[in-house]
Each structure stands twice: as C-alpha cells, then as structure tokens.
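A.B. asks: Curious how this folds, go ahead:
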Amino acid sequence: MPAANRSDHPLGFLTAPSRRNRLAGALLFALAMAFGGSSVVVSKGCLVGAPVVATTCLTLLVALVGLLPLQWRRRQELARLSRGQLANLFWQGLFGIVLFRILSLYGLRHTGATQAAIITGTTPAMITLFSVLFLGERPGRRRLAAIGLAVAGVMVINLRPGAGSGGEQPLVGSLLVLGAVAAEAAMTVCRKAVAGSVSALSNTFAVVAICTLMTLPLAAVEGLGAGLRLDRAFVLGILWYGWGATVLGYLCFMAGTARISASAAGVLSAMFPVSAVLLATLFLAEPFTSRQLAGCSLVVAAILLTALEGRRRSRPDAPGPGAPGRRRWSLRAGAG
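C.D. replies: Numbering: from 1, shown residues only. Predicted coordinates for the structure are as follows:
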C-alpha cells in the first residue's frame, strides 16, 4: 500500500482519501490547536513561577513515558528512518519546541504586549509564506483572504486596551518573538515534507525524544530542582502538559498536517488563541469581552472560507509528490 494512503494516526482511523481525508486533517489540526491552547491555561493556573526550561524538560519526559508503549509496536519504523528523515525530525524539534518556547519567553520579557500581539498575529501568514517558498504551494484568492481574516482575528484577540507598547529592549524583543513565529512555521513545513513517509506516531515520538535530550543540559544549567514546588496543582499541570498538550496535541498536529496543505494549516493555526481564550473563560473565570468575540468571529469566518474553498476544489492546493512544478526540499522524506 502506498505510503500516502497509509493511516498515520496511532488509532488507525481516518484513512479515507480525497476530500474526506482533508476534512479529517482539518479537524485533527484544529484539535491540536485546542490542546495547544489548553497549555496556556495550565501554565497560568498551575505552572506560574516555575523554571521554564526545567518545566519543559519535565513535560517532555512525561510525554516520552506516555508515548513509549504506543511506539513500541512500531519500533521498527524508527530503525528504518534515513539520515535525511532524522535530520528533518531534529529540525522539527529544534524549531517547533525548543526555539519556539525559548524565543517566545525571552521575547515577551523584552518587548511590549502590543508589539508581541501584532507579531504573533502574523503566524498564519508566516506559515503560508514558508509553504510557498519551501513546498511550492500556490494558495488561491479565497485562501489568501482566509489568511487575512485569521491574522486580523488573532491580532484582535491578542491586543489588549491599555497594554504597554514599550519594553526594556523592544526591537530585540520583537525580533525574538518574530523568530518564534518563524520557528513554528518552520516546524509545520518540516512535518509536511516527511508526512508521506513518517507516521504521526513515530514523528511525535522522535521529536519528543530529541527535544528531551536537547533540554536536559539546559535544565541542568538552570537547576532542575530549583524553584519546583511538588504540590498537587503543579503535578497535575505537568501531567496534563505532558500527556494532553504534548502527546495528544502533537499526535493530532502530525496527523492533521499530513492531510492538509500547509497554507490551510496556517489558517487553522488561528484556533490556538481562540481555544486559549475560551478555555481561560471556562476554567480560570477570565472575562470574555466583545473584542475577543469579534476576534473569534473573524477566525471562524476564516475557517469557513477555507472549508468552502476545499469543497469547491477537486484537488489539494499543493501538487502531489512528483508532480511537475513542485519544488523539492532537502529535508524531504528519503533524502539520505
């Protein structure tokens, strides 16, 4: 059976081809963003004040323990990975987890909330730009309009009236936040490049394992035990961040990215702040303002526009593997 038609979800469902497969991919990707949004709520409610690198390392260790029983049945797939695929997985982990978290953290410390909100709002556009440059995708006018709506919606959600526009080093901080946005986009196109040859489960397991090894030395420098309070809220937060936001979130992300174009993933990435706002309202009793409602409405409009475009088309945005005109990327599956 061709790799493109093989189910890459660990539960073995959603294998239907064509539009149904793309719909499944969109739902999985949106669910991944919802799990990602839950990490914001968990961080605010349970992990405030904890050392960032050490906490990240702990959540990755928890995730690795949760993934190990699932991966054991497919352990031979890891042994068959080529050097090019392993390099791709390394870049996914470096960009999507390590650099994204570190750049976001230090960027927000040096720049104002307004600049950070505007820059993070460009995530859908950044993913689309990377998909054009590195994957050769050609999003249509409706997709571009949807991206514009998604960018506007994220900015409206993130911008807070009265938030400071300055910072200690606003230029440096803004560049760091922009780097975090680029890192997230890079992870998306890296995953897209090996989606037809590396399953979602193996991809997630390898990325988490690689990132655990990356963060262990940094956590040791920071002081793995310094500032960690082992109370019930902290332990529950670590467990959810590891098994929920990381394991379930990245499995859905990897499986969803394999089924949709990167530009569609860019639009759906706007679900991250939407889910964070809704979950914070439900579990942290934070107010849900008219501004947030307007931003969420713009994001929903962007997703609906993308869905309508998908129904109108008879083929995906990007040409299939081996089709004329598609650029090859050096980290693509099988590049040894």
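A.B. asks: Any idea how many residues pack against L308?
C.D. replies: Applying other CB atoms under 10 Å, we find 12 residues neighbouring L308. The C-beta positions use only the backbone N, C-alpha and C, and glycine is treated the same way.
A.B. asks: Touching, it and R143? I think so.
C.D. replies: No: contact criterion CB atoms under 8 Å: L308 and R143 do not qualify, at 10.5 Å.
A.B. asks: Look at R138 and give its secondary structure.
C.D. replies: coil (DSSP: H, G, I helix; E, B strand; the rest coil).
A.B. asks: thought it was touching V132?
C.D. replies: Yes: counting by CB under 8 Å, R138 does reach V132; the two are 7.3 Å apart.
A.B. asks: can you give me the helices in the stretch 51-200 of the chain?
C.D. replies: Taking DSSP state H, counting those that start in this stretch as the criterion, the stretch 51-200 of the chain carries its helices at 52-72, 75-79, 83-93, 100-110, 113-120, 123-135, 141-158, 170-194, 200-222.
A.B. asks: Would you mind checking which helix or strand in the protein has the lowest mean pLDDT?
C.D. replies: None of the helices or strands of the chain scores lower by mean pLDDT, DSSP states H and E than helix 113-120, at a mean of 70.
A.B. asks: per-residue confidence for the closest residue to Y250 other than its chain neighbours?
C.D. replies: Leaving aside its sequence neighbours, Y250 sits nearest to T204 (CB to CB, 6 or more residues apart in numbering; 4.5 Å). Note on T204: pLDDT of 95.
A.B. asks: Quick one: residues contacting V207.
C.D. replies: 89, 92-93, 96-97, 250 (CB atoms under 8 Å, 6 or more residues apart in numbering).
A.B. asks: Quick one: which of these is the most crowded by neighbours?
C.D. replies: Highest neighbour count within these, by other CB under 10 Å: Q92, with 28 neighbours.
A.B. asks: which residue packs closest to it, ignoring adjacent ones?
C.D. replies: Take Q92 and drop its neighbours on the chain: the residue closest to it by CB to CB, 6+ apart is C190, 4.6 Å away.
A.B. asks: so who does the one you found touch?
C.D. replies: Contact partners of C190, counting by CB under 8 Å, 6+ apart, are 88, 91-92, 95-96, 331.
A.B. asks: same deal with A183?
C.D. replies: By CB under 8 Å, 6+ apart, the residues touching A183 are 95-96, 99-100, 103.
A.B. asks: let's see it at 6 Å
C.D. replies: A183 makes contacts with 95, 99-100, as judged by CB atoms under 6 Å, 6 or more residues apart in numbering.
A.B. asks: Take the residues you listed and lay them out in JSON lines including pLDDT.
C.D. replies: Below are these laid out as JSON lines (pLDDT from 0 to 100):
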{"residue": "F95", "pLDDT": "95"}
{"residue": "L99", "pLDDT": "90"}
{"residue": "F100", "pLDDT": "87"}
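A.B. asks: ok, of these, which one's closest to L58?
C.D. replies: The shortest approach to L58 among the contacts of A183 belongs to F100, at 17.5 Å (CB to CB).
A.B. asks: Contacts made by stretch 28-39 with the rest, please.
C.D. replies: The contact list for stretch 28-39 (CB under 6 Å, 6+ apart) reads 241, 245, 248-249, 252-253, 255-256, 265, 268, 271-272, 275-276, 279.
A.B. asks: In which helix or strand does the closest residue to F288 other than its chain neighbours reside?
C.D. replies: Closest residue to F288 apart from its sequence neighbours, by CB to CB, 6+ apart: T281 at 4.5 Å. Of the helices and strands defined by DSSP states H and E, T281 is found in helix 271-283.
A.B. asks: Show me what that helix is packed against.
C.D. replies: On a contact count with 3 or more CB pairs under 6 Å, 6 or more residues apart in numbering; DSSP states H and E, helix 271-283 meets helix 18-46, helix 141-158, helix 290-312.
A.B. asks: Make CSV out of those and add mean pLDDT.
C.D. replies: Formatted as CSV, the helices and strands packed on helix 271-283 follow (pLDDT from 0 to 100):
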stretch, mean pLDDT
helix 18-46, 82
helix 141-158, 89
helix 290-312, 84
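A.B. asks: and among those helices, the most buried is which?
C.D. replies: When the helices and strands packed on helix 271-283 are scored by mean count of other CB atoms under 10 Å, the highest mean neighbour count falls to helix 141-158 (a mean of 22).
A.B. asks: what angle separates it from helix 290-312?
C.D. replies: Angle of helix 141-158 versus helix 290-312, following axes from the mean of the first three to the mean of the last three CA atoms, to 10 degrees, is 160 degrees.
A.B. asks: Mind giving me the packing neighbours of helix 141-158?
C.D. replies: helix 123-135, helix 262-268, helix 271-283, helix 290-312.
A.B. asks: Give me the local confidence score for L68.
C.D. replies: In this model, L68 is scored at 94, pLDDT.
A.B. asks: So the closest residue in space to it that isn't next to it in sequence versus S261, what's the distance?
C.D. replies: Nearest residue to L68, sequence neighbours excluded (CB to CB, 6+ apart): F205, at 7.7 Å. Using CB to CB, to the nearest Å, F205 is found at 25 Å from S261.
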